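Engineer: With the sequence up front, the predicted model follows.
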Amino acid sequence: MMRANAAALALILMTLLMFGQAALSFVLDGSSTSYAQFRKWNAALNGSLEFEFKTEQGNGLLLYTDDGGTYDFFEVKLVESALRLRYNLGGGAQIVTVGHDLGDGHWHKVQISRSNENTTLTVDGVSAVSTSRGKEFEFGKLSGNSDVYVGGMPGWYNSKLTLLALPSVIFEPRFNGFIRNLVYTDAESSVPRRQEMKSHDAKVNK
């Protein structure tokens, strides 16, 4: 009986811990230096990436990563309260837009999933698919790819634009709001996992 009670207590504690971690978020104030930096995304040919955000602003850079300055990139941003994914896998830039009124102060879930030439953007369960041109659909080479940046870009990129596949990203308005549950496969894990910040100019909240 005592063993059963102990097991039940352990399960409750584990559940509370999981929900506590899920609730962890960080806030970006949209200032000229605010950003958060995470491990490289191992996008492969069938990778996925997801996160949640909450803001009262209709415009702002949510996420960016690229191949180190050649061709390939993924840029996620709010444009007039809609979510826009712009990306390139070597065959030319593609744009897919989903959602509306996303600057409403409520949490919204974003998912990007890859399947060879097809990339799907999903916001709150509503999806749109874009098909890349070309013959090769790898996202750069993991060893040379950039980290994942959320909310804005580090200031040092201003003097090293050649390291960006999409240099205009540094001019995008920075995101002002909350982010949580950034999940994807990185170089150290074979399965998607919740990512922890490497460096940042952001405030962590519970």
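Structural biologist: Yes, it's here. Residues are numbered from 1 along each chain as shown.

Engineer: Could you find the closest non-adjacent residue to the residue nearest the centre of the chain?
Structural biologist: Among the residues of the chain, the one closest to the centroid is residue 63, at 4.8 Å (CA atoms, centre = their mean). Computed as CB to CB, 6 or more residues apart in numbering, the closest residue to residue 63 that is not its neighbour in sequence is residue 76, at 4.2 Å. Where C-beta positions appear, they are placed from N, C-alpha and C, glycine not excepted.

Engineer: My guess is the one you found contacts residue 96. True?
Structural biologist: No. Residue 76 lies out of contact with residue 96 (CB atoms under 8 Å); the separation is 10.3 Å.

Engineer: which residues do these two both contact?
Structural biologist: Shared contacts of residue 76 and residue 96 (CB atoms under 8 Å, 6 or more residues apart in numbering): 84, 85.

Engineer: how about low-confidence regions in this protein?
Structural biologist: By pLDDT under 70, the weakly predicted segments of the chain are 1-23, 202-206.

Engineer: Try it again at 80.
Structural biologist: 1-23, 199-206 (pLDDT under 80).

Engineer: ok so, going back, ok, the residue nearest to residue 63 - contacts?
Structural biologist: Contacts of residue 76 (CB under 8 Å, 6+ apart): 61, 62, 63, 64, 83, 84, 85, 110, 112.

Engineer: Residue 182 versus that one, what's the distance?
Structural biologist: 11 Å (CB to CB, to the nearest Å).

Engineer: pretty sure residue 101 is touching residue 81, no?
Structural biologist: Yes. Counting by CB under 8 Å, residue 101 does reach residue 81; the two are 5.3 Å apart.

Engineer: What about the closest residue to residue 169 other than its chain neighbours, how many residues nearby?
Structural biologist: Residue nearest to residue 169 in three dimensions, not counting chain neighbours: residue 64, with 5.2 Å by CB to CB, 6+ apart. The number of residues packed around residue 64, counting by other CB atoms under 10 Å, is 27.

Engineer: Tell me the helix or strand right after whichever strand or helix holds residue 64.
Structural biologist: Using DSSP states H and E, the element containing residue 64 is strand 60-66. Next helix or strand after strand 60-66 toward the C-terminus (DSSP H and E): strand 73-79.

Engineer: name the helices or strands packed onto the next helix or strand after that next one?
Structural biologist: Going down the chain from strand 73-79, the next helix or strand is strand 82-88, by DSSP H and E. Secondary-structure packing of strand 82-88 (3 or more CB pairs under 8 Å, 6 or more residues apart in numbering; DSSP states H and E): strand 73-79, strand 94-98, strand 108-115, strand 118-123.

Engineer: Please work out which of the ones you listed is packed deepest.
Structural biologist: strand 73-79 (a mean of 22; mean count of other CB atoms under 10 Å).

Engineer: Listing partners with orientation, what would you give for that one?
Structural biologist: Paired strands of strand 73-79, with direction, are strand 60-66 (antiparallel), strand 82-88 (antiparallel) (DSSP bridges).

Engineer: Kindly compare burial across those and name the winner.
Structural biologist: Of all those, strand 60-66 has the most neighbours on average by mean count of other CB under 10 Å, namely a mean of 25.

Engineer: Off-centre distance for that one?
Structural biologist: Relative to its chain's centre, strand 60-66 lies at 7 Å (CA atoms, centre = their mean, to the nearest Å).
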